[in-house]
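Enquirer: Quick one, structure for this:
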Amino acid sequence: MLKRRVSMLIVFSALVVAASAASAFTLPEGFVYITDVIPTALLEIRYYGENNFMGTRVDGYEAPTAILTAEAAAALKVAADILAEQGYQIKVFDAYRPQRAVNHFMRWAQDLDDQKMKEAFYPDVDKSLLFELGYIAEKSGHTRGSTVDLTLVYMATGEEVDMGSGFDLLGEISHHDTDLVGPAQLANRNILRAAMEAAGFIAYPKEWWHYTLADEPYPDTYFDFEVNMETKRKENVLDEAMLRAIEQARSTMRQDVGGPFGAAIINADGNIVCVASNSVLRDHDPTAHGEINAIRLAGKLLGTHDLSGCWLYTTAYPCPMCLAAIMWANIKTVVYGCRAQDTEEIVGFRDAFMYRFIEGGMKDTSVLEISEYGREECLPLFWEYVERQKQMY
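Expert: All right, here's what the predicted structure looks like:
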């Protein structure tokens, strides 16, 4: 059923019609998809979208996926297993990078008038010095296929670990030996570094997220095949979001964190932004539903309250509270697994009576009594907000 539903959505979704139909893509021999080797790896392929230092999709990124040499992927799995024992998942921002992408970086770096992403990604570095300081080069280790950019995510919550600076924040704050971040953030970086070095990777001193396999198989070869998905994989992108939501829900449910409810959010570029699950019991928060936790986390990660263009995948039909949150977030597409009646009849949750209350005009005072009081005292807040020309949402 999941396959059929998602396949129908794919026909209409720009998320998965990412590459030209003119020619089918075949992964070159010696290379693998990271998620085939490490199914728990999260992907946020920044160069497929616009949330990167250039502010645009980079040449050669035709799908939101991550590719490595087989040797590098096997070593990365060793690191991922070490980290899993400590309660972490890996999130990959970039892996193999085609030479055409590096050439795109070069053209961008030479255009000193293009500074639109400076505040977010290189606020303290003069763009004209990016070559000299080693942040951009004519040849990249990524292009040899055995370099990966990654961070850590807490398995229990789906939240990124605080590393003190974000991916691709170019500057001293992202150096391994910086004194610009706190001891806890340095400790987090060292957790990642220890696992990666134990697995055979070498850290790049200027970027805490950047690691290259020491014994890489193609040390002198710079590849230029595109980052893309084979046809069958492309059709499974949306399935992956639901499966991640299910995995997250099962994990936290077994830890008595919350109920069997998980959610994943995919952005307009086809990347899984985040995965979250119900944490009502752990947080003593009746609003900590899977969908709302996912929306909160996505807003934090993306730096916005407006999730326009995103899709939400959830293991069950959203309750009225979550539906309202989804609409407030400007998410227009929701795909759910279990039905509302499944939630009530199998699990015993109370969603149905809320729907009946709303459908009845919210007049049943045995459910909730709503009354007006103090309107004249409250209205000045509204007028002041309007006068201050605050942002509408």
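
Enquirer: Going by C-alpha atoms from here, please, whenever you check contacts or count neighbours.
Expert: Fine.

Enquirer: quick one, strands of the chain?
Expert: Remark: strands assigned in the chain by DSSP state E are 31-33, 42-43, 67-69, 88-94, 147-154, 201-204, 207-213, 262-266, 272-277, 311-316, 333-338.

Enquirer: Mean neighbour count and distance to Ala137 for the ones you listed - can I get that in JSON lines?
Expert: Output for the strands of the chain, formatted as JSON lines (neighbours: other Cα atoms under 10 Å; distance: least, Cα to Cα, whole Å):
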{"stretch": "strand 31-33", "mean neighbour count": "19", "distance to Ala137": "23"}
{"stretch": "strand 42-43", "mean neighbour count": "24", "distance to Ala137": "24"}
{"stretch": "strand 67-69", "mean neighbour count": "25", "distance to Ala137": "20"}
{"stretch": "strand 88-94", "mean neighbour count": "24", "distance to Ala137": "16"}
{"stretch": "strand 147-154", "mean neighbour count": "23", "distance to Ala137": "15"}
{"stretch": "strand 201-204", "mean neighbour count": "19", "distance to Ala137": "14"}
{"stretch": "strand 207-213", "mean neighbour count": "25", "distance to Ala137": "14"}
{"stretch": "strand 262-266", "mean neighbour count": "29", "distance to Ala137": "31"}
{"stretch": "strand 272-277", "mean neighbour count": "30", "distance to Ala137": "28"}
{"stretch": "strand 311-316", "mean neighbour count": "25", "distance to Ala137": "36"}
{"stretch": "strand 333-338", "mean neighbour count": "16", "distance to Ala137": "40"}
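
Enquirer: okay, the ones you listed in a markdown table with mean pLDDT and distance to Lys118 next?
Expert: Formatted as a markdown table, the strands of the chain follow (pLDDT from 0 to 100; distance: least, Cα to Cα, whole Å):
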| stretch | mean pLDDT | distance to Lys118 |
| --- | --- | --- |
| strand 31-33 | 95 | 32 |
| strand 42-43 | 86 | 24 |
| strand 67-69 | 97 | 28 |
| strand 88-94 | 95 | 19 |
| strand 147-154 | 96 | 20 |
| strand 201-204 | 97 | 22 |
| strand 207-213 | 97 | 17 |
| strand 262-266 | 94 | 26 |
| strand 272-277 | 91 | 23 |
| strand 311-316 | 94 | 29 |
| strand 333-338 | 92 | 32 |
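
Enquirer: Adding distance to Tyr222, write those out as CSV.
Expert: Supplementary listing: these in CSV, determined by distance: least, Cα to Cα, whole Å:
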stretch, distance to Tyr222
strand 31-33, 13
strand 42-43, 23
strand 67-69, 12
strand 88-94, 16
strand 147-154, 12
strand 201-204, 19
strand 207-213, 14
strand 262-266, 31
strand 272-277, 28
strand 311-316, 36
strand 333-338, 40
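
Enquirer: roughly how far apart are the residue nearest the centre of the chain and Leu42?
Expert: Within the chain, the residue whose C-alpha comes closest to the C-alpha centroid is Val273; the distance, by Cα atoms, centre = their mean, is 2.5 Å. Val273 is 9 Å from Leu42, where distance means Cα to Cα, to the nearest Å.

Enquirer: Cool, thanks, talk later.
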